[in-house]
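**Q** what follows is a protein structure lacking sequence information:
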């Protein structure tokens with residue numbers, strides 16, 4: 001399609017994380033209920049961290065607890081602490097999260113540096129830079145090709161024919177042909193007739209079709225194009241030059257632009273033609289398309305707020321017929337170039353043409369899917385069957401028959417623009433299922449109604465759903481992609497799992513086990529298990545508490561302070577190496593040293609008892625004379641904090 005035609009026949013012109021993951025309200029840790037105490041481990045970690053103790057795992061948990069709840073300023077604090085440790089085992093994703101948090105608090109220069117490190121460590125992952133992807137787009141186009149059979153639609157003339165829709169078993173399209181009349185008006189820029197709407201029987205288009213003008217009340221002496229009809233066939237939206245009731249509107253430069261009009265069928269006659277309220281003399285609106293539920297109208301425009309030369313917008317059609325304020329579809333769809341000719345299939349697939357997304361030249365047809373959370377999915381080129389080095393646009397498909405039409409001015413056509421019909425043999429997206437079950441890590445029980453979030457490789461949210469009563473979930477996704485599945489449940493630590501789908505149509509099982517953020521304890525339980533404290537570390541053969549031990553004891557101290565009636569019996573154990581007497585004495589000194597440390601921090605002595613058991617309570621068979629591995633001996637070297645009163 002030539003540039004002047006783009007303007008004259010209305011083809012293009014210039015158009016051419018709070019969710020369910022909100023942190024559960026934390027119960028006071030000293031609450032007593034049926035002889036149980038509930039301990040908020042995250043809260044304790046934060047208190048311990050505030051005292052200056054450092055742990056990479058702790059900082060990750062603290063950062064994530066805020067990041068997943070969209071409290072990025074607080075997450076930044078703990079991610080910063082994580083990175084200041086200069087540890088080598090920080091996963092790549094934390095660089096991305098940290099950079100996002102830095103942006104949220106206005107530290108853009110530092111965020112850029114972190115993103116640079118992210119890009120290096122992730123092997124060129126595109127998340128760090130906007131639109132810096134699709135370097136292999138020709139390979140992707142090739143992958144999406146070979147899915148159609150295509151032939152001439154049988155309705156073309158030597159003039160421009162484009163844009164198709166269906167109406168009452170007829171194809172309705174735009175044409176610059178002139179089928180007679182006293183006055184044969186031609187546009188001086190193109191030497192073609194102004195475009196009108198034409199129609200032909202679907203039964204005839206495979207033979208020698210003879211299209212006729214659609215309706216004299218709709219067609220005017222200027223350009224009409226790209227209609228769309230409601231399912232009851234009583235309302236149509238279409239594009240026309242700014243002309244109504246014999247009056248032609250112009251902008252400040254005296255140019256007549258495009259508007260979208262609405263017509264209503266009354267007694268089998270199209271009447272009550274009116275421009276939609278968001279149209280204007282000062283910008284173009286064109287190429288209307290309806291959502292499957294007919295509650296949303298999509299269109300192309302260069303109105304204020306447009307990102308590029310022309311963008312795709314949408315308005316909500318209210319119950320009373322009024323329309324909302326236009327909303328730009330955003331940067332995932334729109335580019336600095338031209339996005340135009342939207343069409344939405346029954347499967348909520350948005351097909352549109354663009355010269356801004358990577359293509360083969362001119363306008364190419366692209367597709368994106370509207371997800372359950374109203375976000376647009378990945379934009380993909382539909383392939384070289386449809387697209388060419390020329391302009392390819394006005395895509396229409398019936399999702400039941402997989403038959404449809406598109407327009408192109410590619411070589412070999414009959415006229416300036418020609419309409420082609422096609423049969424889609426294979427869908428563009430390989431269908432895959434990610435499924436799994438969300439369980440309690442400690443009990444393996446399914447967590448009913450857990451909140452599940454599906455994210456793409458760039459951490460954009462795709463879908464959100466609740467697990468069923470057994471904790472099961474399932475997502476329909478694309479093949480050969482990387483996803484992240486995030487599970488959230490009250491009083492459990494949010495967990496995210498990477499899932500990589502295969503190229504075949506199949507299923508991938510992704511179970512997710514959540515760790516409780518609250519530890520439920522009773523008399524006789526080991527408080528140390530709440531924080532995975534297996535042993536308190538001392539200097540070799542001594543009872544001097546090391547820094548690592550103090551870090552763990554701070555957790556115990558915090559719980560005791562929150563639960564003033566709680567009492568503990570502190571038990572220290574050794575393995576069987578060294579003599580029986582030596583082990584008994586050493587463990588006893590260490591138990592008492594632990595008690596003394598807690599007393600020095602303000603815990604009453606009457607709340608603490610303790611004893612060293614040496615090697616008398618081995619948890620395995622690693623006694624004297626038995627050959628055991630270091631790991632097996634380690635199981636016997638343990639510290640216990642047994643609750644004796646609540």
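**A** Here it is on my side, so go on. Predicted model only: the values in this text are computed from it and were never measured. Numbering: from 1, shown residues only.
**Q** hey, where'd the helices end up in the protein?
**A** Assigned by DSSP state H, the chain shows helices spanning 3-8, 41-50, 56-67, 72-84, 92-104, 108-121, 137-143, 547-562, 580-600, 630-636.
**Q** just send those helices back as CSV, with distance to residue 194 too.
**A** To be clear about C-beta, it is placed using only N, CA and C from the backbone, and glycine gets the same treatment. Listed next are the helices of the chain as CSV, based on distance: least, C-beta to C-beta, whole Å:
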stretch, distance to residue 194
helix 3-8, 8
helix 41-50, 69
helix 56-67, 57
helix 72-84, 55
helix 92-104, 51
helix 108-121, 51
helix 137-143, 35
helix 547-562, 80
helix 580-600, 90
helix 630-636, 85
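**Q** for residue 400, which of these is the nearest?
**A** Shortest distance between residue 400 and the helices of the chain, using C-beta to C-beta, is found for helix 137-143: 25.3 Å.
**Q** and that closest one, what's buried?
**A** Judged by neighbour count (16 or more other C-beta atoms under 10 Å), helix 137-143 contains these buried residues: 141, 143.
**Q** how is the chain carved up into domains?
**A** Using automatic domain parsing, the domain parsing of the chain gives 49-128, 152-183+198-243+263-320+334-351+389-424, 431-514, 519-645.
**Q** these: lowest mean pLDDT?
**A** Among those, domain 49-128 carries the lowest mean pLDDT, at a mean of 79.
**Q** what residues sit buried inside stretch 164-172?
**A** For stretch 164-172, a neighbour-count test (16+ other C-beta under 10 Å) marks 164, 165, 166, 170, 171, 172 as buried.
**Q** can you flag which of those belong to strands?
**A** Among these, the ones falling in strands (DSSP state E) are 164, 165, 166, 170, 171, 172.
**Q** how about the residues you listed in TSV, adding distance to residue 336?
**A** Shown next, in TSV, are these (distance: C-beta to C-beta, whole Å):
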residue	distance to residue 336
164	29
165	29
166	34
170	38
171	34
172	33
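**Q** tell me who's in contact with residue 234.
**A** Contacts for residue 234 were tallied using C-beta atoms under 8 Å, 6 or more residues apart in numbering; they are 264, 265.
**Q** so what pairs up with residue 474 in the strands?
**A** For residue 474, the beta-bridge partners under DSSP bridges are residue 435.
**Q** does it really touch residue 435, like I thought?
**A** Yes: with contact defined as C-beta atoms under 8 Å, residue 474 reaches residue 435; the gap is 4.1 Å.
**Q** and for the two, which residues touch both?
**A** Overlap of the contact sets of residue 474 and residue 435 (by C-beta under 8 Å, 6+ apart) is empty.
**Q** what is the neighbour count of residue 305?
**A** A total of 11 residues lie near residue 305 under the criterion other C-beta atoms under 10 Å.
**Q** so for the closest residue to it other than its chain neighbours, what's the pLDDT?
**A** Counting by C-beta to C-beta, 6 or more residues apart in numbering, residue 305 lies nearest to residue 328, which is 5.6 Å off, once chain neighbours are set aside. Confidence at residue 328, expressed as pLDDT, is 96.
**Q** residue contacts, residue 328?
**A** Neighbour list for residue 328: 305, 306, 307, 311, 312, 313, 334 [criterion: C-beta under 8 Å, 6+ apart].
**Q** please redo it, this time with the cut-off set to 7 Å
**A** Going by C-beta atoms under 7 Å, 6 or more residues apart in numbering, residue 328 touches 305, 307, 311, 313, 334.
**Q** pairing partners for it in the sheet, please.
**A** Applying DSSP bridges to residue 328 gives these bridge partners: residue 313.
**Q** that one and residue 300, how far apart?
**A** The spacing between residue 328 and residue 300, counted by C-beta to C-beta, to the nearest Å, is 11 Å.
**Q** go on, residue 233?
**A** For residue 233 relative to residue 300 (C-beta to C-beta), the value is 24 Å.
**Q** do residue 441 as well
**A** 51 Å.
**Q** sorry, back to before: looking at residue 233 and residue 300, which one has more neighbours?
**A** Taking other C-beta under 10 Å, residue 233 and residue 300 do not tie; residue 300 has more neighbours (33 against 10).
**Q** show me what residue 197 is bridged to.
**A** Beta-bridge partners recorded for residue 197 (DSSP bridges): residue 174.
**Q** report how many residues lie close to it.
**A** 25.
**Q** residues in contact with it?
**A** Residue 197 sits next to 172, 174, 214, 218, 219, 224, 227 when contact means C-beta under 7 Å, 6+ apart.
**Q** hmm, the second one is touching residue 195, no?
**A** Right, the one you point to is residue 174. Yes: Residue 174 lies in contact with residue 195 (C-beta atoms under 7 Å); the separation is 5.0 Å.
**Q** let me know the outermost residue of the protein.
**A** residue 581 (62.4 Å; C-alpha atoms, centre = their mean).
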